[in-house]
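K.L.:
fold the following, please.
(one chain, ligands or ions: 2)
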Amino acid sequence: MTQHLEGRCLCGAISYSVAGEPAGQLVCHCRDCQRQTGSACSTIMGVPAAALTINGEPSVFQHEGESGRSVKRFFCGDCGSPLFTEAEASPGVMWVKTGTLDNPDAFTPQVHIWCVSKQSWLETGDVPAAERNP
Ligand SMILES: [Zn+2]
Ligand SMILES: [Zn+2]
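P.N.:
Ligands and ions are numbered 1, 2, ... in the order given. Got it, this is the predicted structure:
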């Protein structure tokens, strides 16, 4: 299914569009995502970096992920919305935070990862779940 994906941060200073198919669609329960989102998990969609057009200048925070490899987290410096993640472990892919999509229902989770730190009340249902990043 071809769909045109667009999204933006809370204040609108940063917007984006995706021309292409999303690859992986993940729910990440790692502690870093919990802290960064201030929530239970990240819902993320991997898109080819070349297919992502960003309008505006996101701020970036770089750190070492739980895998021990570099992770860059892009966010709006005005309103703080987390927008994209770029991981050394998945070169050429930008992971879009799907809560920022204009149509967040375009996200269909394929796998839950880092369930080792999943919050206990959150049910993964029929979707496959991995302890770490498979
Ligand atoms: Zn913003
Ligand atoms: Zn994570």
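K.L.:
surely residue 75 meets residue 100?
P.N.:
No - using C-beta atoms under 8 Å, residue 75 makes no contact with residue 100, being 10.1 Å away. Any C-beta I mention is one placed from the backbone N, CA and C, and that applies to glycine too.
K.L.:
got any residues that touch both of these two?
P.N.:
9, 81-83 (C-beta atoms under 8 Å, 6 or more residues apart in numbering).
K.L.:
okay if I get these as a markdown table plus neighbour count, distance to residue 89 and pLDDT?
P.N.:
A markdown table is the format used below for the shared contacts of residue 75 and residue 100 (neighbours: other C-beta atoms under 10 Å; distance: C-beta to C-beta, whole Å; pLDDT from 0 to 100):
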| residue | neighbour count | distance to residue 89 | pLDDT |
| --- | --- | --- | --- |
| 9 | 23 | 25 | 98 |
| 81 | 22 | 24 | 98 |
| 82 | 22 | 18 | 98 |
| 83 | 24 | 19 | 98 |
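K.L.:
is it true that residue 112 lies in a helix?
P.N.:
No - remark: residue 112 does not belong to a helix; assigned using DSSP: H, G, I helix; E, B strand; the rest coil, it is strand.
K.L.:
what bridges to it?
P.N.:
Beta-bridge pairing of residue 112 under DSSP bridges involves residue 27, residue 129.
K.L.:
interface residues of this protein facing ligand 1?
P.N.:
By C-beta under 5 Å from the ion, the residues of the chain that approach ligand 1 are 9, 11, 13, 76, 78-79.
K.L.:
can you flag the buried ones in the residues you listed?
P.N.:
9, 13, 76 (16 or more other C-beta atoms under 10 Å).
K.L.:
contact partners for the second one?
P.N.:
This means residue 13. 56, 76-79.
K.L.:
pLDDT at it, what is it?
P.N.:
On pLDDT, residue 13 comes in at 98.
K.L.:
nearest residue to residue 127 in space, please, no chain neighbours.
P.N.:
Spatial nearest neighbour of residue 127, chain neighbours left out: residue 109 (5.1 Å); criterion: C-beta to C-beta, 6 or more residues apart in numbering.
K.L.:
wasn't that neighbour part of a strand?
P.N.:
No - assigned with three-state DSSP, residue 109 falls outside any strand and is coil.
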